[in-house]
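K.L.:
What shape does this take:
(chains A and B)
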2 protein chains.
Amino acid sequence: MTLLSGAYVYEYQVRSMSDTVHLSLDEVQALALRVLRHHGIIEAQVQAMARVMTAGERDHCHSHGLFRLLTCSQSLREGKVARDALPTVEHRSPALVAVDAQCNFSPLAFELGSELLIEKTRSVGLGALVINNCLHFSALWPEVERLTQAGLCALIMTPSHACVAPAGGKHAVFGTNPIAFGWPRANAHPYVFDFATSAIARGEIDLYRRSGRTLPEGWGIDEHGAPCTDAATVLQRGAMLTFGGYKGSALATMIELMAGPLLGDLTSAESVAIDGRPGGAPRHGELILAFDPRFFSGRDPPTDQASAEALLQAISGQGARLPSERRYAARAHSIAHGVDIAAALHRDILALLD
Amino acid sequence: MTLLSGAYVYEYQVRSMSDTVHLSLDEVQALALRVLRHHGIIEAQVQAMARVMTAGERDHCHSHGLFRLLTCSQSLREGKVARDALPTVEHRSPALVAVDAQCNFSPLAFELGSELLIEKTRSVGLGALVINNCLHFSALWPEVERLTQAGLCALIMTPSHACVAPAGGKHAVFGTNPIAFGWPRANAHPYVFDFATSAIARGEIDLYRRSGRTLPEGWGIDEHGAPCTDAATVLQRGAMLTFGGYKGSALATMIELMAGPLLGDLTSAESVAIDGRPGGAPRHGELILAFDPRFFSGRDPPTDQASAEALLQAISGQGARLPSERRYAARAHSIAHGVDIAAALHRDILALLD
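P.N.:
Got it, this is the predicted structure:
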């Protein structure tokens, strides 16, 4: 069995044009709960994971929705996950909480740690939540949103599995290394971005490979470091590239250092060495930073809010899109009307219950 | 008199091929001290500014070296600077120190605040230094290096003057918004990057305008938001672009929010509105974050250091350059042999003493 990659979720989408199953969000959540319980995961973790997957499906982030039941199931079958381990929580300082996920998935570790992070941040102005030894499969925006709901500004990063070369290099050192940021808004959805520092998702390149299409310039290199538009070469012998040239490469390095060695946890190269190849839910750490605007501004918060609103309206007012607008529109639609799941995906998920 | 832009420093460099003045680093510093004192700046600030300018000249960052005597002198003549104001320091929490520069330049505010930031970070694991109301002219890497010297990891950002449009937009909202990061290394120069989130420096585009050359794609847009390779149009009616498309644009937004409204200070659009046009030393805030690896890793630091070293050596070992290598090489050369200053720049600086 090959490792499930993000490409499969695209394939489900393509095949689902006419063949879909309609589910309410409650039904999405119930399905996730049922499958996760069937796999013997500890109940608190089941609840946390189901919430994250339902949020992904709701916001039409299909690669982080119910599809993840398949990848998480695979990680469990491969014996990578301590399915009954409870995270341990350590107060390291008035500003720092560390949660060891004990090789279970990350969502429960985040839920346990984030409440303490919020308390600490409200008490001293800024705080950090360190998560160690987690199996990671979720997007970062649900976590960013949890912190903006508490009125905090948030910055989150993780390494992943190494598959991305540094600018000017030849070999994979970085993961797709996502970074996410959130800013709370009084009368609107928060400003949130969540993006990989790779030029493109690995699954997208795999789709090009399977359809025999030529990659756009700037996505990958061959084994000699030369620009390469052949998807198979990039995936098998070469490497992916970061977005934004040497600047994106520097950011990917920062994410490796801050969400790896700073936390005493794995780099993307160390993580992929454990699993043997990229894909699935990698094991590593995660860094979550939170900032309380009341402490930082030292002024009347509504004034600062007005200044931030003027900035964001100057962006959207000229026709440029704010990063999460599509997700928020999908969310409104899903809450009102439910979601359509590819029938093939739905069948494959039900088969996990056999 | 037009506002001095970074383009002038390039011009000095071009004109200096054969006509240079040789100075030791002590002579560089003495010249800076003499000019800054002549301008009636308070002595503690003179010392701090001279250190920053000498470091810039030493590392061959000519746009942040002695050249800045001209721009700072201009800001003083225009009445923007409170030359005798002393920064005020406020302990906001065990993790947060805020320094109001009182409309004097930023270097003294950083020097006063950074010592407290280091203390706080060593005490609770992470810390923030907020600088408000400063006139900003310096690179961020000397500040990052000060924190790595203390064994801390550092992340610094500032807005500037709005001249950069968001991805998909038409009008300038962002400044060139630099972001800098540093990671301490036991037996090597720290890993440091310091880059603008604009695709290129504004002064570089001005050089293209003056030499009548066509801009590369991706640097700017016209007033309708269409890609534009005419430098004059980009500077006068259009706008610059960020690096890295919509991802770079999202990062520039984050820097506006975190180093502007979060701190109760100006956005780049608000800052340029005060001065009327981009250029010179803008007034705004600055956010400096520091992280103590001993707290974050909760493990034996040498282990984490080894993991970080393996990452950095995997980058440089495959022929990819680490961001500050050129600066460190220039530094070694300047310390041993001094520096060559363009004779025209040297004359213009001496003329400030008249």
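
K.L.:
tell me the average confidence for stretch A:91-111?
P.N.:
What stretch A:91-111 shows for mean pLDDT is 97.

K.L.:
List the buried residues of that stretch.
P.N.:
By neighbour count with 16 or more other C-beta atoms under 10 Å in any protein chain shown, stretch A:91-111 contains the buried residues A:92-102, A:104-111. Placement of C-beta: from N, CA and C, glycine included.

K.L.:
Helices - which of those residues land there?
P.N.:
Residues of the buried residues of stretch A:91-111 located in helices (DSSP state H): A:106, A:107, A:108, A:109, A:110, A:111.

K.L.:
What are the phi and psi values at the nearest residue to the first one once chain neighbours are set aside?
P.N.:
Residue nearest to residue A:106 in three dimensions, not counting chain neighbours: residue A:134, with 3.8 Å by C-beta to C-beta, 6 or more residues apart in numbering or on different chains. With angles defined as degrees, to the nearest 10, residue A:134 shows backbone torsions of phi -110, psi 150.

K.L.:
which ones are touching residue A:134?
P.N.:
Shown in contact with residue A:134 (C-beta atoms under 8 Å, 6 or more residues apart in numbering or on different chains): A:101, A:103, A:104, A:105, A:106, A:109, A:283, A:284, A:285, A:286.

K.L.:
quick check, nearest of those residues to residue A:46?
P.N.:
The closest of these to residue A:46 turns out to be residue A:105 (C-beta to C-beta; 9.8 Å).

K.L.:
tell me the contacts of the residue of the stretch 101-250 of chain A found nearest chain B?
P.N.:
Here the stretch 101-250 of chain A gets closest to chain B at one residue, residue A:244, 2.9 Å apart by C-beta to the nearest C-beta. By C-beta under 8 Å, 6+ apart, the contact set of residue A:244 is A:251, B:243, B:244, B:245, B:247, B:248.

K.L.:
Tell me, what's the model's pLDDT at the first one?
P.N.:
The score at residue A:251 is 98. That number is its pLDDT.

K.L.:
Spatially nearest residue to it (excluding sequence neighbours)?
P.N.:
residue A:197 (5.3 Å).

K.L.:
Tell me the pLDDT of the one you found.
P.N.:
The model reports residue A:197 with a pLDDT of 98.

K.L.:
hang on, it packs against residue A:166?
P.N.:
No - if you go by C-beta atoms under 8 Å, residue A:197 and residue A:166 don't touch, sitting 11.2 Å apart.

K.L.:
Who has more neighbours out of those two?
P.N.:
Applying other C-beta atoms under 10 Å in any protein chain shown to residue A:197 and residue A:166 shows that residue A:166 carries more neighbours, namely 29 against 26.

K.L.:
And for the closest residue to the more buried one other than its chain neighbours, the neighbour number?
P.N.:
Excluding its sequence neighbours, the residue lying closest to residue A:166 (C-beta to C-beta, 6+ apart) is residue B:320, at 4.1 Å. For residue B:320, the neighbour count with other C-beta under 10 Å is 20.

K.L.:
I'd like to know which of the contacts of residue A:244 are part of helices.
P.N.:
Counted as lying in helices by DSSP H, out of the contacts of residue A:244, are A:251, B:245, B:247, B:248.

K.L.:
what are the ranges of the strands in the stretch 251-354 of chain A?
P.N.:
Ranges of strands in the stretch 251-354 of chain A, per DSSP state E, counting those that start in this stretch, are A:283-291, A:339-342.

K.L.:
ok, back up a step: put together JSON lines for the ones in helices among the contacts of residue A:244, with neighbour count and distance to residue A:80 on each row.
P.N.:
Below are the ones in helices among the contacts of residue A:244 laid out as JSON lines (neighbours: other C-beta atoms under 10 Å in any protein chain shown; distance: C-beta to C-beta, whole Å):
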{"residue": "A:251", "neighbour count": "26", "distance to residue A:80": "28"}
{"residue": "B:245", "neighbour count": "16", "distance to residue A:80": "35"}
{"residue": "B:247", "neighbour count": "23", "distance to residue A:80": "30"}
{"residue": "B:248", "neighbour count": "25", "distance to residue A:80": "35"}
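
K.L.:
ok, so of those, who is nearest residue B:189?
P.N.:
Once C-beta to C-beta is applied, the member of those that ends up nearest residue B:189 is residue A:251, at 19.6 Å.

K.L.:
residues touching the closest one, list them.
P.N.:
Neighbouring residues of residue A:251 by C-beta under 8 Å, 6+ apart: A:177, A:179, A:197, A:242, A:244, B:251.

K.L.:
among the ones in helices among the contacts of residue A:244, which two are most distant?
P.N.:
Pairwise distances across the ones in helices among the contacts of residue A:244 (C-beta to C-beta) peak at 13.7 Å, for the pair A:251 and B:245.

K.L.:
so who does the closest residue to residue A:82 other than its chain neighbours touch?
P.N.:
Among residues not flanking residue A:82 along the chain, residue A:103 sits closest, at 4.2 Å (C-beta to C-beta, 6+ apart). By C-beta under 8 Å, 6+ apart, the residues touching residue A:103 are A:80, A:81, A:82, A:85, A:133, A:134, A:135, A:283.
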